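In: No letters, just coordinates:
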């Protein structure tokens, strides 16, 4: 009697637990909103399926590729002999060369539900969003697929305490957003001089796969307070071209990028007097040093023509670009000059012209960036560069209307701690 009562109580607890699990919101619930529904095709998403298969019909094995692990190491354990594995490799290589399995990438085996399971499908994740399904039957086939991506519109604001990246990590934002912001403001903000108490607000799209962030989508608009100056970025299309414009109806795009490297830190700035680490004496340093790992791509800051691409004792491998009758830039200590970059070559803003190194008179890998105006070396960060075409008169009213709405929305975003 007592034993039966205990069984009934346990059964009741089990039922309640199952109900709780079924009714409990999933960890991805915060991701789903009206914006997501617009971006998602619900017919493509079924959380009960595993890569489009019903997992209840299989014995499922999930793991990651180990270092130096081959397909045979995996399939032999699940009754797939060498001849069939060899057939699989040969007949599916046009879809995906299975010899290129990468360590730490996830794979899944769907096997028969026998006492000795036999693999029927091998599924390999090429990236977070792409995977390939290998069917192992009388015939072998391979098909590529994409996982459904949830696109969520978010808004966030933060006050910088140390670095932009760290601030985004601290407030729980994908730090890839910092990279996207630096590209939008590449012409107007020197991200290597971002200071404590600078601030940002941004409305952007973030992409999720299986509830995990896989990247930043479009930035809709943004605000960056740098050195107590307001910098708005508002997307607008005119003349069939879209670009970001500021609160003064001017384009953020300018003739010169603020920096020749996308990501690094500045170790030394333009100064008329610096203690030289090699020559052990004070001398003028008429460039800006960017400390960065060897091989970091160096990009030309503006359109121009290469007037020198060679090696010298002190400069090492260097490239010099003449942009117009006023401005010239030079990039020193490269590990190597990019193939094809030579005297007379025409380059466009953002083109890679070489790679960071420590050739010539240098104690460590870095880029020395030099800037000439009318034949005289100057500090590039104190120069006001011409901007691209502003909002036209015919589009002013339309842009101002959008600008008022956007600035109000950005102003309403609260800073996160």
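Out: That came in fine, so what should we check first? All figures in this text were calculated on a predicted structure; none of them were measured in a lab.

In: contacts, neighbours, all on C-alpha from now
Out: Will do.

In: what's near enough to touch the nearest residue to residue 67 once chain neighbours are set aside?
Out: The shortest distance from residue 67 to any non-neighbouring residue, by Cα to Cα, 6 or more residues apart in numbering, is to residue 103 (5.0 Å). Under the criterion of Cα atoms under 8 Å, 6 or more residues apart in numbering, the neighbours of residue 103 are 64, 65, 66, 67, 68, 69.

In: Quick check: residue 72 is in a strand.
Out: No: counting by DSSP: H, G, I helix; E, B strand; the rest coil, one finds residue 72 to be helix, located in no strand.

In: Now for it, how many residues are close by?
Out: 15 (other Cα atoms under 10 Å).

In: before we move on, which element is the residue nearest to it when sequence neighbours are not counted in?
Out: Ranked by Cα to Cα, 6+ apart and with sequence neighbours excluded, the top spatial neighbour of residue 72 is residue 85, at 6.7 Å. Following DSSP states H and E, one finds residue 85 within helix 82-91.

In: Show me what whichever helix or strand comes after that helix is packed up against.
Out: Downstream of helix 82-91, the first helix or strand assigned by DSSP H and E is strand 106-111. For strand 106-111, the elements it packs on are strand 59-64, strand 119-125, judged by 3 or more Cα pairs under 8 Å, 6 or more residues apart in numbering; DSSP states H and E.

In: tell me how far strand 106-111 is from the chain's mean position?
Out: Put simply, strand 106-111 sits 29 Å off its chain's centre (Cα atoms, centre = their mean, to the nearest Å).

In: Can you check what angle separates it from strand 119-125?
Out: Counting by axes from the mean of the first three to the mean of the last three Cα atoms, to 10 degrees, strand 106-111 lies at 170 degrees to strand 119-125.

In: which neighbours does strand 106-111 have in its sheet, and in what orientation?
Out: Strand 106-111 pairs in its sheet with strand 59-64 (antiparallel), strand 119-125 (antiparallel), by DSSP bridges.

In: What's the separation between residue 397 and residue 406?
Out: Separation of residue 397 from residue 406 (Cα to Cα, to the nearest Å): 14 Å.

In: just residue 230 next, same as before
Out: 14 Å.

In: Show me which of these two is the more surrounded one.
Out: residue 406 (21 against 13).

In: Show me how this protein divides into domains.
Out: 29-45+149-254+388-417, 46-146, 265-382 (automatic domain parsing).

In: can I get the ones you listed in TSV with mean pLDDT?
Out: Below are those laid out as TSV (pLDDT from 0 to 100):
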stretch	mean pLDDT
domain 29-45+149-254+388-417	85
domain 46-146	94
domain 265-382	83
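
In: Can you tell me which of those is most buried?
Out: The highest average neighbour count among the domains of the chain, using mean count of other Cα atoms under 10 Å, belongs to domain 265-382 at a mean of 18.

In: one step back: now the helices and strands packed on strand 106-111 in TSV, with distance to residue 137?
Out: TSV is the format used below for these (distance: least, Cα to Cα, whole Å):
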stretch	distance to residue 137
strand 59-64	16
strand 119-125	6
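
In: Ok, which of those comes nearest residue 354?
Out: Across the helices and strands packed on strand 106-111, residue 354 has its closest neighbour in strand 119-125 (33.9 Å, Cα to Cα).
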